[in-house]
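> need a 3D model of the following:
(4 chains)
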There are 2 protein chains.
Amino acid sequence: MVRKTKEEAEITRRQIIDAARRVFHECGVSRTTLEKIATAAGVTRGAVYWHFKNKTDLFFAMRDEAKLPMVDQVVFHEDDADPLGGIERALQILIRILAEQPEVRETFEIISFKCEYVDEFAQVLQNASCQLEFLDKLTRAYERAQSHGQLRAGFTPSQLAHDSFLFVGGLFKHWLGRMPDTRFQEWANQLIHTHVALRRA
Amino acid sequence: MVRKTKEEAEITRRQIIDAARRVFHECGVSRTTLEKIATAAGVTRGAVYWHFKNKTDLFFAMRDEAKLPMVDQVVFHEDDADPLGGIERALQILIRILAEQPEVRETFEIISFKCEYVDEFAQVLQNASCQLEFLDKLTRAYERAQSHGQLRAGFTPSQLAHDSFLFVGGLFKHWLGRMPDTRFQEWANQLIHTHVALRRA
DNA sequence: TCTTATACAAACATGCATGTATGTAAATAG
DNA sequence: CTATTTACATACATGCATGTTTGTATAAGA
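Below is the predicted model of the structure:
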């Protein structure tokens, strides 16, 4: 029992979160046991229980790690001379992040397909706050596009934003599991281009 | 131990499937125990194990019950004089089914949010066959719309079908949990209308 | 330098879900 | 009418995941 320094302990904590992501992804959250995570991290359950209250606590810690890269890399520039093109670029960046950052992708796959939204986990869904924020950003971007005269007549920014919001939701739902395929990114960019072109004046 | 007739046994089977749906929906598939299901159905685990091999078997039996009403109520009529309007109507029917048939909705909510796609359950996702069929129907409907001159120029039926496919996916993902709200249906129909209007010539 | 808190490992206790085996009364087949 | 099968209920055996407790060597604080 060589006691670790604070920095070493922090490393251990990271390793546990990393291992958790891998095991969650392979076994699903429910079938993942803290023993499996501990083994994958090269520690014992003692370490896991030291750093985290329980599996749920560990799950949310893992989730928060992946939320950041997404929210601060996918941005809609307010001063874009081409707001509609900006929306297209933002969506492309979004799928590029998923394609190029395996940890982020794994986490999103866990959240989407390997976790049951009941009891303590129901609030993950209720994390609509984050989603609503995205919808709001989209709406404002479309408003700017409209004031730049880029939008087709007869559609409000809100309507278009909602449609795009659902588009992204569908993209996540249908393609997350098939991501590492390199052809996918090309494919998704095509779909994004079409989607945006539909709103262009 | 009053032995049941064949018909009574079939009723028992149905009751078990019904109870399974309710408990799956409340507890999630993983946390659902066969004991809970049995109790909810007014039987013992003996009955459950008699009718089904295990929880997985029961899950898929439940799923198959809900698949039928969906596939044969949502249709794209081949001889529609207004194919594009037909697409809009088909999508409206789709959400009406979810709004009006609680059992179907519950099952879809279970599949979407209360089940982890690993091991034996991974094949549910791989039930892409059903999804691909839907995408195919959409594509053919858009082809008919195109030959009727209803589509905006510059977009292929396949592109539009994919975008609509993702739209429906997003609709499922974001609104399934909030369905019983009566305002939702109105809301969804608005979104569907906008979505279809975007493709109109 | 001495003390205390830390960062775990190891051991323990518990409960619960599963699967199977056995029992049984009545339905059904012959 | 008898034999067999059916449709369960009940009882049993097992394993595994969880949470807690205890032990301990050392880092950090005073």
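
> pLDDT at residue A:95, what is it?
Per-residue pLDDT puts residue A:95 at 90.

> nearest spatial neighbour of it, chain-adjacent residues omitted?
In this structure, residue A:95 finds its nearest non-sequential neighbour in residue A:188, 4.8 Å apart by Cβ to Cβ, 6 or more residues apart in numbering or on different chains. C-beta: built from backbone N, CA, C; applies to glycine.

> surely that neighbour touches residue A:171?
Yes: under the criterion of Cβ atoms under 8 Å, residue A:188 makes contact with residue A:171 at 6.6 Å.

> common neighbours of the two, please.
Residues touching both residue A:188 and residue A:171 (Cβ atoms under 8 Å, 6 or more residues apart in numbering or on different chains) are residue A:95.

> now what about whatever helix or strand residue A:21 lives in, what contacts it?
Assigned by DSSP states H and E, residue A:21 belongs to helix A:6-27. Outside helix A:6-27, the residues that touch it by Cβ under 8 Å, 6+ apart are A:4, A:32, A:36-38, A:40-43, A:47-48, A:51-52, A:58-59, A:61-62, A:65, A:103, A:106-107, A:109-110, A:114-115, B:118.

> looking at the residues you listed, which are in helices?
A:36-38, A:40-41, A:47-48, A:51, A:58-59, A:61-62, A:65, A:103, A:106-107, A:109-110 (DSSP state H).

> and residue A:189, what does it touch?
A:92, A:95 are the contacts of residue A:189 under Cβ under 8 Å, 6+ apart.

> residue A:191 falls within a strand, correct?
No: read with DSSP: H, G, I helix; E, B strand; the rest coil, residue A:191 is helix and lies in no strand.

> may I ask which helix or strand encompasses the nearest residue to it once chain neighbours are set aside?
With Cβ to Cβ, 6+ apart as the criterion, residue A:191 has its nearest non-adjacent residue at 5.7 Å, and that residue is residue B:162. In this assignment (DSSP H and E), residue B:162 forms part of helix B:157-175.

> about what we covered before: what about the residue nearest to residue A:95, neighbour count?
Residues within reach of residue A:188, counting by other Cβ atoms under 10 Å in any protein chain shown, total 21.

> I'd like to check the angle between the helix holding residue B:162 and helix A:157-175, please.
90 degrees (axes from the mean of the first three to the mean of the last three Cα atoms, to 10 degrees).

> how near is residue A:47 to residue A:56?
Distance of residue A:47 to residue A:56, computed by Cβ to Cβ, to the nearest Å: 17 Å.

> more crowded one of the two?
residue A:47 (20 against 13).

> what sits against the more buried one?
Contacts for residue A:47 (Cβ under 8 Å, 6+ apart) come out as A:12, A:16, A:38, A:41.

> relative to DNA strand C, how far out is residue A:180?
When distance is defined by Cβ to the nearest atom of the strand, to the nearest Å, residue A:180 is 32 Å away from DNA strand C.

> name the element the nearest residue to residue A:165 once chain neighbours are set aside belongs to?
Distance criterion Cβ to Cβ, 6+ apart; nearest residue to residue A:165, sequence neighbours excluded, is residue A:135 at 4.9 Å. Element membership for residue A:135, per DSSP H and E: helix A:128-147.

> let me see the mean pLDDT of that helix.
The pLDDT scores in helix A:128-147 average 92.

> C-alpha coordinates for it, PDB please?
Once non-C-alpha atoms are left out, helix A:128-147 reads as follows in PDB (Å, rounded to 0.1, in the frame of the first residue of the first chain):
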ATOM      1  CA  ALA A 128     -33.100  19.500 -21.700                       C
ATOM      2  CA  SER A 129     -31.500  22.700 -20.500                       C
ATOM      3  CA  CYS A 130     -28.400  21.900 -22.600                       C
ATOM      4  CA  GLN A 131     -30.600  20.900 -25.600                       C
ATOM      5  CA  LEU A 132     -32.800  23.900 -25.300                       C
ATOM      6  CA  GLU A 133     -29.700  26.100 -25.300                       C
ATOM      7  CA  PHE A 134     -28.700  24.500 -28.600                       C
ATOM      8  CA  LEU A 135     -32.100  25.100 -30.000                       C
ATOM      9  CA  ASP A 136     -31.900  28.700 -28.900                       C
ATOM     10  CA  LYS A 137     -28.500  29.200 -30.500                       C
ATOM     11  CA  LEU A 138     -29.900  27.700 -33.700                       C
ATOM     12  CA  THR A 139     -32.900  30.000 -33.600                       C
ATOM     13  CA  ARG A 140     -30.800  33.100 -33.200                       C
ATOM     14  CA  ALA A 141     -28.500  32.000 -36.000                       C
ATOM     15  CA  TYR A 142     -31.500  31.600 -38.300                       C
ATOM     16  CA  GLU A 143     -32.700  35.100 -37.200                       C
ATOM     17  CA  ARG A 144     -29.400  36.500 -38.300                       C
ATOM     18  CA  ALA A 145     -29.600  34.600 -41.500                       C
ATOM     19  CA  GLN A 146     -33.000  36.100 -42.100                       C
ATOM     20  CA  SER A 147     -31.800  39.600 -41.500                       C
END
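
> neighbouring contacts of the lowest-mean-pLDDT helix or strand in chain A?
Using mean pLDDT, DSSP states H and E, helix A:122-125 stands out as the lowest-scoring helix or strand of chain A, at a mean of 76. Residues from elsewhere that reach helix A:122-125 (Cβ under 8 Å, 6+ apart): A:63, A:111, A:115, A:117, B:113, B:177.
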